[in-house]
Structures are given as C-alpha cells and as structure tokens.
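Undergrad: Sequence and predicted model, in that order:
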Amino acid sequence: MAASVKNKKCLVIGGCGFLGRHLCEGLLERGWTVNVFDIRSTFEDSRIKFFIGDLCKKEDLLPALEGVYCVFHCASPAPLSNNKALFYKVNYEGTRNVIEACKEAGVKRMVLTSSASVVYEGKGIRNGREEELPYAAKPLDYYTETKILQERTSLEANSDDFYTVAIRPHGIFGPRDLQLVPITVDMARKGKTKFIIGDGKNVVDFTYVGNVVHGHILAAEHIGPGSPANGKAYHITNDEPIFFWTFMTRLLTGLGYPAPRIHLPYSLLYVVALFLQFVAWIVSPLVIFTPSLSPMKVALAGTDHFYNCENAKRDLGYSPVFTLDQALKLTIESYPEMRNPEEKKGS
Ligand SMILES: NC(=O)C1=CN([C@@H]2O[C@H](COP(=O)(O)OP(=O)(O)OC[C@H]3O[C@@H](n4cnc5c(N)ncnc54)[C@H](O)[C@@H]3O)[C@@H](O)[C@H]2O)C=CC1
Ligand SMILES: CC(C)CCC[C@@H](C)[C@H]1CC[C@H]2C3=C(CC[C@]12C)[C@@]1(C)CCC(=O)C[C@@H]1CC3
C-alpha cells in the first residue's frame, strides 16, 4: 500500500540532469519537498534547495541528507562518454558512498535509477522478465559494467533499516533529453541517418521521461516495511514495443529530416564498430577518441531489446501515463531548434 508522502522531504542526486530535473518537477507536483544534489547547476527553482557537490565525497553529501525521507539516486557520468575510470568512480565507488552517507544520516529509503542495459549484452531480449535475466556476463561498454555494479551494490544494501529498489528504464527520451534526440539530429545533419542497420525489423522499448518519473515516484511510495518491492529491480518502459527504425523514422520525419532507407548488413557494421573500438584502445595512451559508431550503439540499433513490466504493475501499481504517440508529439514539439533547417528553404 503506498505510503502518504505529503510534504515528505527527498533528495534527488543528479537532479540537474535530464531525468533528474523531470523527476524534481514530478515530485513537486506530487507534494514532496525537494532537495537537489549535483556536481553542477543547470537550473533554478525557488521551491528547491540546491546542494552542489560530488557524490563521491561524504562530506558533500551529509548536509543534503538531513531530514530526508527518501533519496533518488539518478546520477551517472554521460552514458556514451566511455570514461572507464570516471564510470567506476561515480557509479560504483560513488554509489557505495551514497549508501554509507544515507545510513549515517538516518535516511531509510533509496530509489536507484539503474538501466535495462544491465542485462543486455548484444543478444536479442524479447519481453525480458527481471527474474529470468541475469546481469550481462559480457557488458558491451564500461557504462553498463558499472551500472551492474551499482545496481547489485544498491540492492544488496537493502535491509529493514534501509529499503532500496532499482528502476530499470530503457531508452529514455523527452524534452531536454541530452542524448537520444541531440545525437540523432547531429547524425541527421551530417547525412548519417540515411542508413538502416540490419533488416529494420528489430523490436525495442523506448521510455518517455514522464513514465520514468512516474515509476520512480511509485517505487518511493511503495518501499518500506513488508513491501514486496524492497531490494528488487523493476523494468519501467512505455510498454509499447516498436520497431527501432519505425521509432527513429517517426522522430526524424517529425523533425523534418528524411527517413532512413538504405539497409546495411548488421554484422558488417558490428565488425567495423569493434575495429574502431580496438583502434581507440590502441591509441588511448597517446590520444583519447570515442568512435561515434560503438558496438553498443550498433547492437542497440540492430537487435531486439524490449522488456516486460508486469512486476512493476503488480508491486508498484505502475502503468505508463504517456503513450508513445503522445510522447513523440511532446518531444518533437519541445525541440524547435532541432528541426531540419533545410525544410524551411524547401517550403
Ligand atoms: N538516458 C537514458 O536513456 C537512460 C539513462 N539511465 C540512467 O538514468 C540516470 C539519469 O540519466 P540522464 O538524466 O540521461 O543523465 P544526465 O547526464 O542528464 O544526468 C546525470 C546527472 O548526474 C550528475 N552527476 C554526475 N556525476 C556526479 C557526481 N560525481 N556527483 C554529483 N552529481 C553527478 C550530472 O551532473 C548530471 O546532472 C543515470 O543514472 C542513467 O544511468 C537509464 C536508462 C536509460
Ligand atoms: C542510429 C541513429 C539513427 C540513431 C542513434 C540513436 C542513439 C544515439 C540512441 C538509440 C538507443 C539509445 C540508448 C542509449 C543512448 C542513446 C541511444 C544509443 C542508452 C545507451 C543510454 C543509457 C542507458 O542506460 C541505456 C540506453 C539504451 C538506448
């Protein structure tokens, strides 16, 4: 049974990020008192108390944790940055620090933003259930490797004195997204989105940020004494699996760019991505470069990866608030600056 959280205080670690800021807005609407902890400042809101610091430093965290009912930990280095040391420091060591600081401050609840990628290693996942999918034995990148460590550490910390739960969104998109839409538009403006990787029939999940926020808040309201959600991980998606390339086509054409149309063999692209990763590794002592074509991106663009949300529906009362149609419309409308500048010339 959801606990009443009217005027309960929470701390959103990573609250200045894409998901974090939307989460703050959703929590405020729901009647929570919201503190934000982040290593940077990206917005102002008189209703929020901001703490700027590094989650890897307990002395930075403790002042922000005073009187907090629940911590939402949604901080991470940028997933596609490929900085192994930073991922390990923040996602693993930093999360252990957050847990210790929570216990020291007497905080009783933590909702971790994990990722559905923790069970993905490039092989197809179709309607994957949490209890049927082990952690990826061979994660495709350092980000995923450290998200596995982060989730495992967080769920193992669950006890009657400190309730934890992990939310696994997949492919979050929406207004103020820093990855999916900006990267796609950047590729489109460079003429790189005319290609389809594989046969174009791989089915995936994408998750509108408003639904991810909803799942997080439900999780916070449900964990506690005797809850079946304590110490568990939950897939949170739009629950509308879609062809990856249909989604991309709708996003691109909605922003005025042409639809992808030339098929390239998946295996060829994957080998090229592996080669580029090897070259980047060989030259890394001299120069750091992150190939735009990574094995993770090619795999995500060319294989099935969609997940079952039944456990979240049962234990958290989750169901998507925004449909994919509504979500794409809201997202496309929120990015006038991302529209194809050529479309105006052509009209
Ligand atoms: N964007 C996506 O498609 C998905 C994201 N996720 C997870 O959702 C969470 C949020 O992701 P986004 O909002 O996309 O990322 P983001 O990069 O927009 O936000 C992350 C925030 O964490 C903060 N942060 C990073 N290191 C920190 C440190 N040492 N101390 C304090 N704050 C720190 C950053 O300043 C940033 O504001 C992450 O945990 C990510 O792994 C999970 C599934 C999909
Ligand atoms: C091929 C192009 C037309 C489109 C490129 C889109 C990609 C930039 C995105 C498609 C799937 C996205 C995704 C993530 C980042 C951006 C994409 C690769 C994550 C890796 C972000 C962090 C996560 O936790 C998992 C996400 C999976 C999906």
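TA: Nice, thanks for sending it over. Numbers count the residues shown, from 1 in each chain. Ligands and ions are numbered 1, 2, ... in the order given.
Undergrad: What is the burial count for Pro265?
TA: For Pro265, the neighbour count with other C-beta atoms under 10 Å is 12. Every C-beta, even on glycine, is put in place using the N, C-alpha and C of the backbone.
Undergrad: just for the stretch 201-347 of the chain, where's the confidence low?
TA: Across the stretch 201-347 of the chain, the ranges flagged by pLDDT under 70 are 344, 346-347.
Undergrad: Name the SS class of Arg126, please.
TA: Secondary structure, DSSP: H, G, I helix; E, B strand; the rest coil: Arg126 is strand.
Undergrad: List of residues touching stretch 81-94?
TA: 54-56, 75-77, 141-143, 145-147, 149-150, 153, 280, 290, 294 (C-beta atoms under 8 Å, 6 or more residues apart in numbering).
Undergrad: if you set the cut-off to 7 Å instead, what comes out?
TA: Stretch 81-94 has contacts (C-beta atoms under 7 Å, 6 or more residues apart in numbering) with 55-56, 75-77, 141-143, 146-147, 149-150, 153, 290.
Undergrad: so which one among these has the lowest pLDDT?
TA: Ranked by pLDDT, those bottom out at Thr290 (83).
Undergrad: what sits against that one?
TA: Asn82, Ala280.
Undergrad: Kindly recompute the last result at 6 Å.
TA: Asn82 (C-beta atoms under 6 Å, 6 or more residues apart in numbering).
Undergrad: Can you tell me how far it is from Phe195?
TA: When C-beta to C-beta, to the nearest Å is the yardstick, Thr290 and Phe195 sit 20 Å from each other.
Undergrad: Helices along this structure, start to end?
TA: 18-29, 58-65, 84-87, 95-105, 142-156, 180-189, 209-222, 244-254, 266-283, 295-302, 310-316, 324-333, 341-346 (DSSP state H).
Undergrad: contacting residues for Pro260?
TA: Contacts of Pro260 (C-beta under 6 Å, 6+ apart): Thr193, Phe195, Ile196.
Undergrad: number of nearby residues for the closest residue to it other than its chain neighbours?
TA: Excluding the flanking residues, the one nearest Pro260 by C-beta to C-beta, 6 or more residues apart in numbering is Ile196, at 4.7 Å. Using other C-beta under 10 Å, Ile196 has 21 other residues around it.
Undergrad: quick revisit: present the helices of the chain as a markdown table; the columns should include mean neighbour count and distance to Lys9.
TA: Formatted as a markdown table, the helices of the chain follow (neighbours: other C-beta atoms under 10 Å; distance: least, C-beta to C-beta, whole Å):
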| stretch | mean neighbour count | distance to Lys9 |
| --- | --- | --- |
| helix 18-29 | 21 | 10 |
| helix 58-65 | 18 | 10 |
| helix 84-87 | 16 | 30 |
| helix 95-105 | 19 | 12 |
| helix 142-156 | 21 | 21 |
| helix 180-189 | 17 | 32 |
| helix 209-222 | 25 | 12 |
| helix 244-254 | 19 | 37 |
| helix 266-283 | 14 | 44 |
| helix 295-302 | 21 | 37 |
| helix 310-316 | 19 | 21 |
| helix 324-333 | 17 | 29 |
| helix 341-346 | 9 | 45 |
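Undergrad: would you list those in JSON lines and tack on distance to Lys8?
TA: Below are those laid out as JSON lines (distance: least, C-beta to C-beta, whole Å):
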{"stretch": "helix 18-29", "distance to Lys8": "9"}
{"stretch": "helix 58-65", "distance to Lys8": "14"}
{"stretch": "helix 84-87", "distance to Lys8": "31"}
{"stretch": "helix 95-105", "distance to Lys8": "15"}
{"stretch": "helix 142-156", "distance to Lys8": "20"}
{"stretch": "helix 180-189", "distance to Lys8": "32"}
{"stretch": "helix 209-222", "distance to Lys8": "9"}
{"stretch": "helix 244-254", "distance to Lys8": "36"}
{"stretch": "helix 266-283", "distance to Lys8": "45"}
{"stretch": "helix 295-302", "distance to Lys8": "37"}
{"stretch": "helix 310-316", "distance to Lys8": "17"}
{"stretch": "helix 324-333", "distance to Lys8": "28"}
{"stretch": "helix 341-346", "distance to Lys8": "46"}
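Undergrad: and the residue nearest to Leu180 when sequence neighbours are not counted, how many residues sit next to it?
TA: Leaving aside its sequence neighbours, Leu180 sits nearest to Phe173 (C-beta to C-beta, 6+ apart; 4.7 Å). Using other C-beta under 10 Å, Phe173 is surrounded by 23 other residues.
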